[in-house]
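In: structure of the sequence below:
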Amino acid sequence: MKRKIILLVVAVLWVPCMWLTAATVRVGVLLPLKDTSGRGTVMVEFYRGLLMAIDVAKEAGIDVDCYAVDCGSSDEQMKAVLTRTELSNLDVIFGPLEAGQMTTLSEFCRRHKTRLVVPFNTPCPQVYSNPWVYQVGVAQELLYPAVTNLVVGNLGSSNFVFFHSGEGDERAMSFTSHLQQVLKLRNLPTTNLAAGGDEFAYDRALNQFRDNLVIIDSRSQASLNQMLAGLKAYLANHSGYKISLLGYPEWLTYAGTLLRDFYQFNTYVYSPYYRNPLSGRTVKFEQQYLKNFSLPSRVSYPRAEMLGYDLGRYFIMGLVRYPGSFDEQPAGTNDYVQHDFRFQRVGEQGGYVNTFVQLVHYNPNNTIQTLK
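Out: Predicted coordinates for the structure are as follows:
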C-alpha cells in the first residue's frame, strides 16, 4: 500500500494485543516538513521511517496517535504551532531542526512533561538543564570516552601507532590526543609515525612481534590514501608485520572505493551508526520502504528514514515495554537497522545524551561485523 505524507495527521493504529499490554502512545513530529530544499527531503524521509516504526508498533498491539505538523523555521512559527491543543498531551515529540526554535519547544515540553527527542545535530544547550530533552546527535568529544573504552577493550594488546598527516584536522587531532593520553595512563605502548617517513621511521614505529593498530589524525580520504600508500610500500618488503587501522565515521563513506583496502588492513571504524548492506534486516527494511513509498532508500550518511525508524521503535516500544524504567532500558536489544541508542543523563537536572558507539570491523576474510 502506498503511503502519502499528510501534515497534521492523527493516525490511530490498533490491533488486538499480541504480546504487549494494550497501550496508547501519543507521538508528535515538529519539523519543517514543507521545506522545499534538500533538507526538507531529509525531514520527510525521517517522517517516513517513523511511520514504518508505527506500523511495527501496530503489529505488536500498540495504539499510536501521531500528530505531524510543519513548524517552519522561525521561533514565531513554532509558537503558533504550539497553540494547538492536541500537542499538549503527547508522550514524545521529535524535533526541532532549527536551533532558534529550541528554547520555545524545550520549555513547552518541560511544562507538559513531554519527552523531546532532538534527532539531528541541532545545537541543544537545553539538554544540560531540562530533564525532558533527549539529544541524539552528540558532539564527538562526548563520545571519545566510549570510543576509547571500546578500543582498549577489544584491541588493547596492540602496539598503537599514531600517524601524523600534517593536515591540521582539529577534530581528528582532538580524538587522537585524547586516545593517546588514555593509553599512556594505562601504560599501553604507543609510537608515532609521520607522513613521508622513510623505511627507518617505519621500523621504529612498527612492532614485528605485536599487532600494530595505526590511527591517523585526519578524517579525509586524501590523507587516508597517502597513509595506505606508505603502509603498502613498507609491507611489500616486510610481509611479516601485522597492521590494522582505526578510523572515523567519515570512513564509512569511503567504503565504496576503499573496501578492498579496508579488508586487507583489518580496519575498525568507530561510529554511532552503521547500515550494514549485507544484513537481512537492512534488505527487508529497504524493500518495505520501496513498497510503502514507491521510492528507493536514498544513499546518505546516515539515512534519515532509518534514523526515524530506529528512533520511533526505541521510544514507542520502550515507553510500553519499560513504563516505569524507560531511561534504564538496555542498548543493543532494539533490532535496529542503522542506529542504536544509549542515553546517559547529563548532571542531576539535565536531560539525556546518546553516547552509543560501535566499532565497524572489516575483516580480512571479507566479512563485516560490529563490536559494541
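
In: and the gap between V29 and V92?
Out: 10 Å (CB to CB, to the nearest Å). Yep, even glycine has a C-beta here, placed from its N, CA and C like the rest.

In: look at those two and report which has more neighbours.
Out: Taking other CB atoms under 10 Å, V29 and V92 do not tie; V29 has more neighbours (26 against 23).

In: from N212, how far out is that one?
Out: From V29 to N212 the distance is 48 Å (CB to CB).

In: ok, K284 next?
Out: Taken as CB to CB, the span from K284 to N212 is 39 Å.

In: more neighbours, these two?
Out: The neighbour count for K284 versus N212, taken as other CB under 10 Å, is higher for N212 (22 against 11).

In: doesn't that one fall inside a strand?
Out: Yes. Counting by DSSP: H, G, I helix; E, B strand; the rest coil, N212 is found in a strand.

In: wait, it sits on L206?
Out: Yes. With contact defined as CB atoms under 8 Å, N212 reaches L206; the gap is 5.0 Å.

In: which neighbours do those two share?
Out: 159, 161, 241, 243 (CB atoms under 8 Å, 6 or more residues apart in numbering).

In: OK, contacts around V118?
Out: 95-96, 102, 124, 127, 133-137.

In: narrow those to those in helices?
Out: M102 (DSSP state H).

In: relative to L295, which of the contacts of V118 is nearest.
Out: L295 lies nearest to G95 out of the contacts of V118, by CB to CB, at 22.9 Å.

In: distance of the nearest residue to V92 once chain neighbours are set aside relative to D327?
Out: Once flanking residues are discounted, V92 sits nearest to R115: 4.4 Å by CB to CB, 6 or more residues apart in numbering. According to CB to CB, R115 stands 10 Å off from D327.

In: neighbour count: the two, which is higher?
Out: Each of R115 and D327 has its neighbours counted (other CB under 10 Å); R115 has more, 21 against 14.

In: contact partners for the more buried one?
Out: 91-93, 109, 132, 134, 315.

In: from these, which is closest to Q181?
Out: Nearest to Q181 among those, with distances taken as CB to CB, is Y134, at 29.8 Å.

In: following the lengthiest helix in the chain, which helix or strand shows up next?
Out: Across the chain, the longest stretch assigned as helix under DSSP H is helix 38-59. Sequence order places strand 62-70 as the next helix or strand after helix 38-59, per DSSP states H and E.

In: picking that back up, for the residue nearest to V92, grab phi and psi.
Out: R115 adopts backbone torsions of phi -70, psi 130, taken as degrees, to the nearest 10.

In: what number of residues lie near S223?
Out: When neighbours are counted by other CB under 10 Å, S223 comes out with 20.

In: for the residue nearest to it when sequence neighbours are not counted, which residues are in contact?
Out: Of all residues not flanking S223 in the chain, S165 sits nearest, at 4.1 Å (CB to CB, 6+ apart). With contact taken as CB under 8 Å, 6+ apart, S165 is in contact with 195, 216-218, 223, 226-227.

In: again, only using 7 Å
Out: By CB atoms under 7 Å, 6 or more residues apart in numbering, the contact list for S165 reads 195, 216-218, 223, 226.

In: what's the pLDDT at it?
Out: We note a pLDDT of 97 for S165 in this prediction.

In: now it: how far from K284?
Out: According to CB to CB, S165 stands 40 Å off from K284.

In: equivalent analysis for L82, please.
Out: Counting by CB to CB - L82 and K284 are separated by 37 Å.

In: and the helix or strand that contains L30, what other elements does it pack with?
Out: For L30, the element it lies in under DSSP H and E is strand 23-31. Where contact means 3 or more CB pairs under 7 Å, 6 or more residues apart in numbering; DSSP states H and E, strand 23-31 is packed against helix 38-59, strand 62-70, strand 92-94, helix 304-321.

In: can you give the strand pairings for it, parallel or anti for each?
Out: When pairing is defined by DSSP bridges, strand 23-31 lines up against strand 62-70 (parallel), strand 92-94 (parallel).

In: of those, flag the one that's most buried.
Out: Of all the strands paired with strand 23-31, strand 92-94 has the most neighbours on average by mean count of other CB atoms under 10 Å, namely a mean of 25.

In: report the rounded mean pLDDT for that one.
Out: The model assigns strand 92-94 a mean pLDDT of 98.

In: can you tell me what sits against it?
Out: So strand 92-94 is in contact with 27-30, 50, 109, 114-117, 119, 311, 315, going by CB under 7 Å, 6+ apart.

In: and those residues, which two are the farthest apart?
Out: Across the contacts of strand 92-94 (CB to CB), the longest gap, 17.5 Å, separates L50 and C109.

In: residue ranges of each domain in the protein, please.
Out: Domain ranges of the chain: 23-138+277-356, 141-271, per automatic domain parsing.

In: bridging residues for V360?
Out: V269, T370.

In: that one against T370, yeah?
Out: Yes. With contact defined as CB atoms under 7 Å, V360 reaches T370; the gap is 5.6 Å.

In: more neighbours: the two, which one.
Out: Per other CB under 10 Å, whichever of V360 and T370 has more neighbours is V360, with 22 against 15.

In: what does the pLDDT read for R48?
Out: 98.

In: oh, that last question was meant for G324, not what I typed.
Out: 85.

In: ok, it - contacts?
Out: For G324, counting by CB under 7 Å, 6+ apart, there are no contacting residues.

In: likewise N89?
Out: R26.

In: kindly recompute the last result at 10 Å.
Out: 26, 28, 65, 112, 114 (CB atoms under 10 Å, 6 or more residues apart in numbering).

In: for the stretch 251-372 of the chain, which segments count as helices?
Out: Secondary structure of the stretch 251-372 of the chain by DSSP state H, counting those that start in this stretch: the helices cover 255-264, 280-293, 304-321.
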